[in-house]
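Could you work out the structure for the sequence below:
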Amino acid sequence: MTKNNTQNELQSIEPGDGFTPIRDLVQTFVIPSYARFDIAFIKGEGRYLFDINGKKYLDFASGIAVCCLGHAHPEIAETIARQAKTLTHVSNLYYIPQQGELARRLVHRIGPGKVFFCNSGAEANEGLFKLVRRYGHEEGRFEILTAINSFHGRTLAGISATGQEKVKRNFGPMVPGFRHVPFNNLKAIEEAISPATAAIMIEPIQGEGGIHPATPEFLYWFTGTLQ
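Have a look, this model is predicted:
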């Protein structure tokens, strides 16, 4: 797509539109939970994004890692449109074939088990916290060890699990049951495990705390540790 073609498509926007009205609209009605760049995107195509002025950007952020298949792929758009015309949502109170089929494919690729579908990473982590507490409840095991500089979401339990003070500031008291240990330090983890410990939560690569990959030895150690 050329810049001229993009600008022609942008002509369908109402006269007078531009970055400043969009910014003002958002700042007036949206809670400022994020610090935003001074860019207003209105279109995506493949790996590229286009702003209100028709400028083209290579999208390295991918919607914070949720648009890995790119923008406006015709097959994805057609599939979404077809499903929207068929059935939008009925909740987990009923059976739908697509949910079962997707779960089957995931299990086939990942390994034995079952799938818990979530709306967000934070919700997935909350589900894990509850699962851990239920698993260890009868033995009084509830504690989860996480790493310093980790990031596990922005819910109250998520920031409690996170090993960074900056995300906890002004939100105390934290949810109890989380302790933080040095990343990539097996000795520190072994010493931190107590009779109350039910799980250890580790990111293979710390992103929010800096690009810190776990060593293979560090990850391999976890197999069977808390059985």
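
Just confirm residue 70 contacts residue 44, I think it does.
Yes. Because the distance of 7.5 Å satisfies CB atoms under 8 Å, residue 70 is recorded as touching residue 44. For the C-beta atoms, the positions are set from N, CA and C on the backbone; glycine is no exception.

Output the lowest mean pLDDT helix or strand found in the protein.
Across the helices and strands of the chain, mean pLDDT, DSSP states H and E gives its lowest value to helix 3-10, namely a mean of 48.

returning to what we had before: who has more neighbours, residue 70 and residue 44?
Taking other CB atoms under 10 Å, residue 70 and residue 44 do not tie; residue 44 has more neighbours (17 against 14).

Run through the residues that contact the closest residue to the more buried one other than its chain neighbours.
Spatial nearest neighbour of residue 44, excluding adjacent residues (CB to CB, 6 or more residues apart in numbering): residue 71 at 2.6 Å. Residues counted as contacts of residue 71 (CB atoms under 8 Å, 6 or more residues apart in numbering) are 43-49, 59.

and which of those is nearest to residue 206?
Comparing the contacts of residue 71 against residue 206 with CB to CB places residue 59 closest, at 22.8 Å.

any idea how far the residue nearest in space to the middle of the chain is from residue 152?
Taking CA atoms, centre = their mean, the centroid of the chain lies closest to residue 121, which sits 3.7 Å from it. Using CB to CB, to the nearest Å, residue 121 is found at 8 Å from residue 152.

does the residue nearest to residue 44 have beta-bridge partners, and which?
For residue 71, the beta-bridge partners under DSSP bridges are residue 46.

Which residues are in contact with the closest residue to residue 161 other than its chain neighbours?
Distances taken as CB to CB, 6+ apart place residue 152 nearest to residue 161, at 4.1 Å, with adjacent residues excluded. If a contact means CB under 8 Å, 6+ apart, then residue 152 has 122, 125, 146, 158-159, 161-162, 201 as its contacts.
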